[in-house]
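Engineer: Predicted model follows, preceded by the sequence.
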Amino acid sequence: MVEPYYLLILAVAAERLAELVVARRNARWSFAQGGKEFGRPHYRVMVVLHSLLLLGCVIEPWALHRPFIPWLGWPMVGVLALSQGLRWWCVRSLGRRWNTRVIVLPHEQLVRRGPYRFMHHPNYVAVVIEGFALPMVHTAWVTALGFTVANSVLLTVRMRVENAVLGYS
């Protein structure tokens, strides 16, 4: 079952590249509207961490001979699909304002539609879920735990920046 798992990793990597295309286009638009970027130093860390997640998902099952366990793997595929649905709901709800970077448009109201009706940072819920579920599809628990811990530190910094610039208390 390893080969289909690697196809799943490839699909997630392709999805990430699609996100970057959307983010780059949206960043150009935001800057043209007078947007200002915040938290640039942690963005590089985020890119590295997410790259390491995908790398760990490839290496750990192969190097440590992690098995695919159907009662764990298939539910994790479902959880992963739900996290991707939430992520793209966030992208759609924010429209041109969605970005992988923290870019704030002056004089714009906060978005209160889609999942943003229920919480401030739904995209990060998707990231946390995905970062655990993706490696656990193929029992890569070291990658799942390592990413979860590192990501929690990163998201603490990231959300502090966003909360400050968006006026959340």
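Structural biologist: All right, it came through fine.
Engineer: which residues sit in contact with the residue nearest the centre of the chain?
Structural biologist: Computing the C-alpha centroid of the chain and ranking residues by CA atoms, centre = their mean puts Val127 first, at 3.6 Å. Contacts for Val127 (CB atoms under 8 Å, 6 or more residues apart in numbering) come out as Ser83, Arg87, Asn151, Leu155. All C-beta atoms are positioned from the backbone trio N, CA, C, and that covers glycine.
Engineer: which residues does the last one contact?
Structural biologist: For Leu155, the set of contacting residues under the criterion of CB under 8 Å, 6+ apart consists of Tyr124, Val127, Val128.
Engineer: what's the answer for the third one, then?
Structural biologist: Residues in contact with Asn151, defined by CB under 8 Å, 6+ apart, are Leu49, Val127, Val128, Gly131.
Engineer: Which helix or strand contains the third one?
Structural biologist: What that stands for is Val128. Assessed by DSSP states H and E, Val128 sits inside helix 122-136.
Engineer: Distance check, the closest residue to Thr139 other than its chain neighbours against Gly39.
Structural biologist: For Thr139, ignoring the flanking residues on the chain, the nearest one in space by CB to CB, 6 or more residues apart in numbering is Arg66 at 4.4 Å. Taking CB to CB, to the nearest Å as the measure, Arg66 falls 35 Å from Gly39.
Engineer: Return, as residue ranges, the portions of this structure with sub-threshold pLDDT.
Structural biologist: For the chain, the stretches with pLDDT under 70 are 1-2, 169.
Engineer: packing partners for the longest helix anywhere in it?
Structural biologist: Counting residues, the longest helix found in the chain (DSSP state H) is helix 2-32. With contacts defined as 3 or more CB pairs under 8 Å, 6 or more residues apart in numbering; DSSP states H and E, the packing partners of helix 2-32 are helix 40-63, helix 70-94, strand 102-104, helix 122-136.
Engineer: and these as JSON lines, adding distance to Trp29?
Structural biologist: Shown next, in JSON lines, are those (distance: least, CB to CB, whole Å):
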{"stretch": "helix 40-63", "distance to Trp29": "18"}
{"stretch": "helix 70-94", "distance to Trp29": "12"}
{"stretch": "strand 102-104", "distance to Trp29": "10"}
{"stretch": "helix 122-136", "distance to Trp29": "18"}
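Engineer: looking at the ones you listed, which is buried most?
Structural biologist: Of all the helices and strands packed on helix 2-32, helix 122-136 has the most neighbours on average by mean count of other CB atoms under 10 Å, namely a mean of 21.
Engineer: Distance from stretch 140-150 to the middle of the chain?
Structural biologist: Averaging C-alpha positions (CA atoms, centre = their mean, to the nearest Å) puts stretch 140-150 14 Å from its chain's average.
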